[in-house]
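[1] next come a sequence and a model predicted from it.
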Amino acid sequence: QVQLVESGGGLVQAGGSLRLACEASGRTFRRYVMGWFRQAPGKEREFVAAIMWIGSTTYYADSVKDRYTISRDNAKNTVYLQMNSLKPEDTAVYYCAADPRYGVTTPSWNYWGQGKQVTVSS
């Protein structure tokens with residue numbers, strides 16, 4: 001089992017920045033890929049970014065590449081999502097997730113956090 005607890009998010013004006021954090025726990029969470037998805041009202045959940053605990057491999061959705069950065073702090077068992085140059089279309093509930101498979105961008109991951117609202121005003 002992997003437990004994921006998110007923090008951060010909130011309301012920001014367009015062009016601003018926010019950071020999300022996801023603390024992981026459980027016996028085997030370091031074997032998993034960690035990632036972020038988001039879901040806007042009336043839309044399907046979509047992949048945002050992912051990172052492996054071992055090594056520095058990351059991958060991003062095209063819509064956030066060069067604006068978002070995913071990183072991790074192994075000592076704190078925490079994964080971060082730094083979001084810069086935010087746009088109103090980035091408004092969504094953001095979910096932390098964990099899965100043993102690398103490269104999967106569909107919302108079929110094994111474990112999920114509770115979600116955090118990010119709202120970008122124009």
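    Cool, got the structure.

[2] which strand residues bridge the closest residue to residue 12 other than its chain neighbours?
    Nearest residue to residue 12, sequence neighbours excluded (Cβ to Cβ, 6 or more residues apart in numbering): residue 18, at 5.3 Å. For glycine as for every other residue, the C-beta is placed from the backbone atoms N, C-alpha and C. Counting by DSSP bridges, residue 18 forms beta bridges with residue 83.

[3] what number of residues lie near residue 18?
    Per other Cβ atoms under 10 Å, the neighbour tally for residue 18 reads 20.

[4] ok, now residue 120?
    Residue 120 has 19 nearby residues by other Cβ under 10 Å.

[5] pLDDT value on the residue lying closest to residue 101 once chain neighbours are set aside, please?
    Once flanking residues are discounted, residue 101 sits nearest to residue 33: 6.8 Å by Cβ to Cβ, 6+ apart. pLDDT recorded at residue 33 is 93.
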